[in-house]
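**Q** Structure for this input, please:
(2 chains)
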Amino acid sequence: MKQTRWQMDPLGDAAVIIEFGHEIGLDVLANVQRALRALEQEPVTGIIEYVPSYTTLAVYYDMEAWADHRQPSIPPYEAICMYLERRLSAVFQSSSDSQRLEPSITRIPVCYGGEYGPDLDEVASYHRISAADVIQIHSGTLYTIYALGFAPGFPYLGGMPESIAVPRRDTPRLRIPAGSVGIAGKQTGIYPLDTPGGWQLIGRTPLRLFRPEQHPPVLLESGGQVQFYPITPAEYEQWREQ
Amino acid sequence: MSIQIEKPGMLTTVQDEGRQGYARYGISTNGAMDGLAHTLANWLVGNDAAEATLEVTWSGLSAHVLENSWIAVTGGNLEPWLDDQPLPMWRPVYVQKGSRISFRKVITGCRAYIAIAGGWQMESVLGSYSTYLRAGIGGWAGRALQQGDVLYSRFEHAINAAELEQISEKATDSALEPIDTMVEDWTDAPSDQSNIAANTGKEDRTNATSSLPASSRNTFENSVVASETTTLPSPVRWRVSSHILPHYSDEVTIRIVAGRQWEDFEQSSQQLFLEQAYRVTPQSDRMGYRLAGEPLQLKQSTSYLSEAVTHGTIQVPVDGQPIILMADRQTLGGYAKIAHVIRMDLPLLAQLAPGATVRFRRIELDEAQRIYVEWTHELKLLRRMIQLRLSALGLRVQKNG
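**A** Numbers count the residues shown, from 1 in each chain, chains lettered A, B, ... in the order given. Here you go, the predicted model:
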């Protein structure tokens, strides 16, 4: 079994960033997620929150809580790094890969084309395939959620086939409705809020990615997987009414 | 205990210490840009720092006081007035029904904070009162304040108006007695209104110190100052000393610690970053400050994976012009992080308006942390002193935080 390694760096004077690798990959992502879950299981005063991303896990802390007044020579940063080292060593020593959690798959209904995805035909003609082919390729892929960011609940998805990759629009739209599914370069994503944006829009989901009244307040979580499936405009409208 | 917005000014939002615990979902932290001014405004009316305050940006806000209230205004000096008199900052002020609070002109800084005794009555969304403008949640209906909005204090339920009248009368007597020197006492009555106006600005320190008996000057370099207020509606004779407050200016030096990609920049760029004076551009807001200067260069063009950022992170996009991430920043960033502003200096940064100039000075992480931890101890002491003063006024004090 390959030994998991990590490196810690300060992120300003009140956060630590733990890096588990330099390249995007499922193994690195799994380690980030495993570290996150393990650290969360043992809540500690003085840790404000954790923010995972592709290869890193950031730990925001309360400087004062980690200042040791009996040993002022140990700065808060070193104190929290010692704690994190100890915890991570225990986590990654004790368990093997077999304990890796199966990522949860969220199925997302998408009404492709038409007013819901005004750029679908453009994406198709860019690759000289049919709109149906684009839909099939887009919905026939299992995507990994590497991180949430940019907007509340916005997933950074990995795994989109290059056969439907397209450049951003030259002129961004002033308002893209929430739920719009788009492609920009080799990325696909879903807009959680009405925002301006330059992605090529191929469809729209009736699901709400950001729902502040619920817990968790977002539909998707990093480390999970997403699969899109096509629905008709009638189904979309019916879904919205529910 | 309520006020009605007559004119919202450039931008007035409800803020608190920020929406913590949700950054992993891509939800911005928000919160007061100048966290220190926010905290002190709350403390000065007996609130916990966790209560909401109104963040007033630039000038133009005016509001009618619908019921008698204790309020405190802190932060940048946007020339607050109470009817036709200057409203003193950094101390509790008793405002009476029918009066009008207005912010007339930017003197120093660009953001002021208004706290009300008991805290502003707001619904907490995702654990915070802060307004998340981009997502349209939190604060007042998820938006900036508008004309006609009526904001209430939660104190209403705890204390009635008659009680408050008594308190304000009692305050007249008790405030005459000096208690400590972290709050400064003024013994000279300002001769006229213009003097009072001067006292609310930069000149505070000089005026206040010179009027203090020498014996009381050395104990704690005066963190709360006293003011003569016979011509003002409130009998409070002290305020937080400008000795311990950041010196808001439109020309500041901000201390930074190196970022994870500091070494990825050309040595000449590292030097340039620390030597040149940057200008804060008009494309600066609660999300971030865009700076303009000689462009910085990476040793080689690299693309970085998005990772977490924090309040004060300084990112450098391809154009070489740094962006400082502020309260409404996105949770992740994908540009090279050359540095981070130390927590201690965030309030100074928060008060910079477009056109201001900023220089950076690099310090080591352990020094940044020592400075901040010592500062939090000083603040605790200050809070105790304020609390003593407030109990002397008869103002109720919340217990925690």
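**Q** tell me the phi and psi of B:Phe273?
**A** phi -60, psi -40 (degrees, to the nearest 10).
**Q** doesn't A:Leu88 fall inside a strand?
**A** No - looking at A:Leu88 with DSSP: H, G, I helix; E, B strand; the rest coil, it is helix, so not inside a strand.
**Q** what's the burial count for it?
**A** Counted by other Cβ atoms under 10 Å in any protein chain shown, the residues lying close to A:Leu88 total 21. The C-beta positions use only the backbone N, C-alpha and C, and glycine is treated the same way.
**Q** In this structure it contacts A:Arg5, no?
**A** No - counting by Cβ atoms under 8 Å, A:Leu88 sits too far from A:Arg5 to count as a contact (10.0 Å).
**Q** ok, what's across the strand from the most centrally placed residue in chain A?
**A** Central residue of chain A (Cα atoms, centre = their mean): A:Ala147, 2.3 Å from the mean position. Bridge pairing for A:Ala147 (DSSP bridges) gives the partners A:Tyr156.
**Q** these two touch, right, it and A:Thr55?
**A** No - A:Ala147 lies out of contact with A:Thr55 (Cβ under 8 Å); the separation is 9.7 Å.
**Q** Quick one: the helices in chain B, in order.
**A** B:35-44, B:161-174, B:193-199, B:204-210, B:267-275, B:346-350, B:365-393 (DSSP state H).
**Q** And the lowest-mean-pLDDT helix or strand in chain A, how far out from the chain middle?
**A** Sorting the helices and strands of chain A by mean pLDDT, DSSP states H and E puts strand A:195-197 at the bottom, at a mean of 88. Here the centre of strand A:195-197 is set off from its chain's centre by 19 Å, with Cα atoms, centre = their mean, to the nearest Å.
**Q** repeat for stretch B:70-85
**A** Going by Cα atoms, centre = their mean, the spacing between the C-alpha centre of stretch B:70-85 and its chain's C-alpha centre is 13 Å.
**Q** what comes up buried for it?
**A** B:70-82 (16 or more other Cβ atoms under 10 Å in any protein chain shown).
**Q** Show me the shaky parts of chain B.
**A** B:1, B:156-235, B:396, B:398-401 (pLDDT under 70).
**Q** In contact with the residue of it positioned farthest from its centre, which residues?
**A** Within chain B, B:Gln300 marks the point farthest from the mean C-alpha position, 39.8 Å out by Cα atoms, centre = their mean. Shown in contact with B:Gln300 (Cβ atoms under 8 Å, 6 or more residues apart in numbering or on different chains): B:Asp264.
**Q** what residues are up against B:Arg329?
**A** B:28-29, B:287-288, B:309, B:311, B:313.
**Q** can we see that at 10 Å?
**A** B:23, B:28-30, B:286-288, B:309-313, B:315, B:323 (Cβ atoms under 10 Å, 6 or more residues apart in numbering or on different chains).
**Q** Quickly list the domain ranges of chain A.
**A** A:7-99, A:105-241 (automatic domain parsing).
**Q** The ones you listed: lowest mean pLDDT?
**A** Looking over those, mean pLDDT reaches its minimum on domain A:7-99, with a mean of 92.
**Q** where do the helices sit along chain A?
**A** A:26-41, A:76-94, A:120-127, A:131-139, A:233-241.
**Q** Out of those, the one nearest B:Trp43 is which?
**A** helix A:76-94 (24.0 Å; Cβ to Cβ).
**Q** how close does the most far-flung residue of chain A relative to its centre get to chain B?
**A** The C-alpha centroid of chain A is most remote from A:Arg70, which lies 41.1 Å away (Cα atoms, centre = their mean). Noted for A:Arg70: a distance of 13 Å to chain B, by Cβ to the nearest Cβ, to the nearest Å.
**Q** A:Val59 now?
**A** 9 Å.
**Q** which non-adjacent residue is nearest that residue?
**A** A:Val16 (4.7 Å; Cβ to Cβ, 6 or more residues apart in numbering or on different chains).
**Q** Can you verify my assumption that that neighbour contacts A:Cys81?
**A** Yes - contact criterion Cβ atoms under 10 Å: A:Val16 and A:Cys81 qualify, at 6.2 Å.
**Q** of those two, who's got more company?
**A** A:Val16 (21 against 18).
**Q** which ones are touching that one?
**A** Counting by Cβ under 10 Å, 6+ apart, the residues that A:Val16 touches are A:8-10, A:47, A:57-61, A:76-77, A:80-81, A:83-84.
**Q** most surrounded residue in these?
**A** Among the contacts of A:Val16, A:Leu57 has more neighbours than the rest - 27 neighbours, counting by other Cβ under 10 Å.
**Q** Leaving out sequence neighbours, find the closest residue to it.
**A** A:Ile18 (4.8 Å).
**Q** what is that neighbour paired to in the beta sheet?
**A** Beta-bridge pairing for A:Ile18 (DSSP bridges): A:Met8, A:Leu57.
**Q** Pull the distance from stretch B:34-47 to the chain's centre.
**A** Using Cα atoms, centre = their mean, the offset of stretch B:34-47 from its chain centre is 8 Å.
**Q** right, and A:Val166 touches A:His138 too?
**A** No - counting by Cβ under 10 Å, A:Val166 does not reach A:His138; the two are 11.6 Å apart.
**Q** And the two? Which one has more around it.
**A** More crowded of A:Val166 and A:His138, by other Cβ under 10 Å: A:His138, with 25 against 20.
**Q** Who are the contact partners of the more buried one?
**A** A:110, A:112, A:117, A:120, A:123, A:160-161, A:163-164, A:181, A:183, A:188, A:202-203, A:228, A:230.
**Q** Relative to B:Ala112, which of those is nearest.
**A** Using Cβ to Cβ, A:Val181 comes nearest to B:Ala112 of these, at 43.1 Å.
**Q** Name the nearest residue to that closest one, ignoring sequence neighbours.
**A** A:Gly203 (4.5 Å).
**Q** Please work out how many residues are found near A:Gly21.
**A** Look at A:Gly21: counted by other Cβ under 10 Å, it has 19 neighbours.
**Q** Next one: it from A:Ala35, what distance?
**A** 12 Å (Cβ to Cβ, to the nearest Å).
**Q** B:Phe103 now?
**A** 48 Å.
**Q** So which of those two has more stuff around it?
**A** A side-by-side neighbour count of B:Phe103 and A:Ala35, using other Cβ under 10 Å, places B:Phe103 first with 27 against 24.
**Q** Report the spatially closest residue to the more buried one, excluding sequence-adjacent ones.
**A** Nearest to B:Phe103 is B:Leu78, by Cβ to Cβ, 6+ apart, at 4.3 Å.
**Q** Please tell me how far that neighbour sits from chain A.
**A** Applying Cβ to the nearest Cβ to B:Leu78 and chain A gives a distance of 29 Å.
**Q** Output the domains of chain A in a markdown table, with distance to B:Ala115 appended to each entry.
**A** Output for these, formatted as a markdown table (distance: least, Cβ to Cβ, whole Å):
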| stretch | distance to B:Ala115 |
| --- | --- |
| domain A:7-99 | 23 |
| domain A:105-241 | 25 |
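**Q** right, and those - which one's nearest B:Ile386?
**A** If we rank the domains of chain A by Cβ to Cβ, the stretch that ends up nearest is domain A:7-99, at 19.1 Å.
**Q** Can I get stretch B:386-399 in PDB, CA atoms only?
**A** Extracted C-alpha coordinates of stretch B:386-399, given in PDB (Å, rounded to 0.1, in the frame of the first residue of the first chain):
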ATOM      1  CA  ILE B 386     -16.700  49.400  28.700                       C
ATOM      2  CA  GLN B 387     -18.900  47.100  30.600                       C
ATOM      3  CA  LEU B 388     -18.200  48.800  33.800                       C
ATOM      4  CA  ARG B 389     -19.000  52.100  32.200                       C
ATOM      5  CA  LEU B 390     -22.200  50.800  30.800                       C
ATOM      6  CA  SER B 391     -23.400  49.300  34.100                       C
ATOM      7  CA  ALA B 392     -22.800  52.700  35.600                       C
ATOM      8  CA  LEU B 393     -25.100  54.000  32.900                       C
ATOM      9  CA  GLY B 394     -27.600  51.400  33.800                       C
ATOM     10  CA  LEU B 395     -27.400  49.800  30.300                       C
ATOM     11  CA  ARG B 396     -27.900  46.100  30.200                       C
ATOM     12  CA  VAL B 397     -24.900  44.100  29.200                       C
ATOM     13  CA  GLN B 398     -25.100  40.800  27.300                       C
ATOM     14  CA  LYS B 399     -23.000  38.100  28.900                       C
END
